[in-house]
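Enquirer: Here's a sequence, model it:
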Amino acid sequence: MTQITQLRESLEALGLAQMASLLQSRLEAAAHNNATYPEFLWDLVEAETAARRERYLKARTRLAHLPFYKTLDQFDFSFQPSIDERQIRELATLRFAHDASNVILQGPPGVGKSHLAVALGIQAIQQGMGVYFITAADMVADLRKAWAENRLERRMRVYTAPKVLIVDEMGYLPLDETGATIFFQLVSMRYEKSSIILTSNKSYGDWGTVFGDAILATAILDRLLHHSTTVNIRGESYRLKDKKRAGFFSTSLVRQEVSQPPK
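Expert: Below is the predicted model of the structure:
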């Protein structure tokens, strides 16, 4: 057994799989470039570090249950001039998450709320934060089931543990008394401890209807908005812009479509 083979096996035994796989090629490159021993070792260690970070980010992204992978660089700010790009870039620094503050993205369907929420979630993952994405309806249904089975406290940890919880589509469906109370409990448990990114097609004035109780809605908003940034998006639907350009819809029809929530 050659020394290189022994070294490769030792690296594999230590869990340094990337270093082991690149050992031969990096040795040859170092010899060709007359690299010093520290330069060779640094090159190999850097490759292992990069591979581990990539695996870490993939695992974190998978655990976050993101519905798609879209970054801020993929967002068309020119199509939504109502959005202050500087404000979004500031949110992307994740200062709000470090401060346990919230982000509320409001606007009609299709204007990019979920895209921005996911993009901020990806930024948080890249900074080593735990992230979890779920729609409001799915989350409340999950917690209602846990409540009925007398395991609400344990199940609630799924939604209180992440540094950043993304709750999508709040307000598309009204909540009954139990669902609204459970959501209030969740917001209270995360209050001033960790961040919520929430998207909604409802203005704050309509939240009494969403929760079926104006007093409860006020209590929820009091906690959500105490430390928060609200981004109001007023514009046309991304989903319809290509059809509009092709002449399938008139401007008035598109505006009517995006101004009404789905039935």
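
Enquirer: For Leu41, grab the count of nearby residues.
Expert: For Leu41, the neighbour count with other C-beta atoms under 10 Å is 14. Bear in mind the C-beta positions are built from the backbone N, C-alpha and C, glycine included.

Enquirer: swap that for Gly107, sorry
Expert: Applying other C-beta under 10 Å, we find 23 other residues in the vicinity of Gly107.

Enquirer: Can you list the low-confidence ranges for the stretch 1-150 of the chain?
Expert: Counting by pLDDT under 70, the stretch 1-150 of the chain has low-confidence residues at 1.

Enquirer: Do a quick rundown of the helices in the stretch 151-263 of the chain.
Expert: For the stretch 151-263 of the chain, applying DSSP state H, counting those that start in this stretch gives helices covering 152-160, 177-190, 207-211, 214-226, 238-245, 251-258.

Enquirer: could I get the ones you listed as a markdown table with distance to Ala59, mean pLDDT and mean neighbour count?
Expert: Below are the helices of the stretch 151-263 of the chain laid out as a markdown table (distance: least, C-beta to C-beta, whole Å; pLDDT from 0 to 100; neighbours: other C-beta atoms under 10 Å):
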| stretch | distance to Ala59 | mean pLDDT | mean neighbour count |
| --- | --- | --- | --- |
| helix 152-160 | 17 | 97 | 14 |
| helix 177-190 | 23 | 96 | 17 |
| helix 207-211 | 35 | 93 | 19 |
| helix 214-226 | 30 | 95 | 15 |
| helix 238-245 | 30 | 62 | 14 |
| helix 251-258 | 36 | 46 | 14 |
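
Enquirer: Kindly reformat these as a markdown table containing distance to Arg95.
Expert: Putting the helices of the stretch 151-263 of the chain into a markdown table (distance: least, C-beta to C-beta, whole Å) gives the following:
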| stretch | distance to Arg95 |
| --- | --- |
| helix 152-160 | 21 |
| helix 177-190 | 17 |
| helix 207-211 | 26 |
| helix 214-226 | 16 |
| helix 238-245 | 27 |
| helix 251-258 | 31 |
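
Enquirer: Compare those and give me the one nearest Gly15.
Expert: Nearest of these to Gly15, taken as C-beta to C-beta: helix 152-160 at 29.3 Å.

Enquirer: The closest one versus helix 177-190: what angle between them?
Expert: Relative orientation of helix 152-160 versus helix 177-190 (axes from the mean of the first three to the mean of the last three C-alpha atoms, to 10 degrees): 60 degrees.

Enquirer: which other helices and strands contact helix 152-160?
Expert: In terms of contacts (3 or more C-beta pairs under 8 Å, 6 or more residues apart in numbering; DSSP states H and E), helix 152-160 is packed against strand 131-135, helix 136-148, helix 177-190.

Enquirer: Now do it: everything it contacts.
Expert: Residues outside helix 152-160 that contact it (C-beta atoms under 8 Å, 6 or more residues apart in numbering): 132, 134, 139, 142-143, 146, 165, 182, 185-186, 189-190, 193-194.

Enquirer: same check, this time on stretch 197-211
Expert: Defining contact as C-beta under 8 Å, 6+ apart, one finds that stretch 197-211 is touched by 102-109, 113-114, 117, 120-121, 136, 164-172, 174-175, 180, 183, 214, 217-218, 220-221, 224-225, 261.

Enquirer: Great, nothing more from me.
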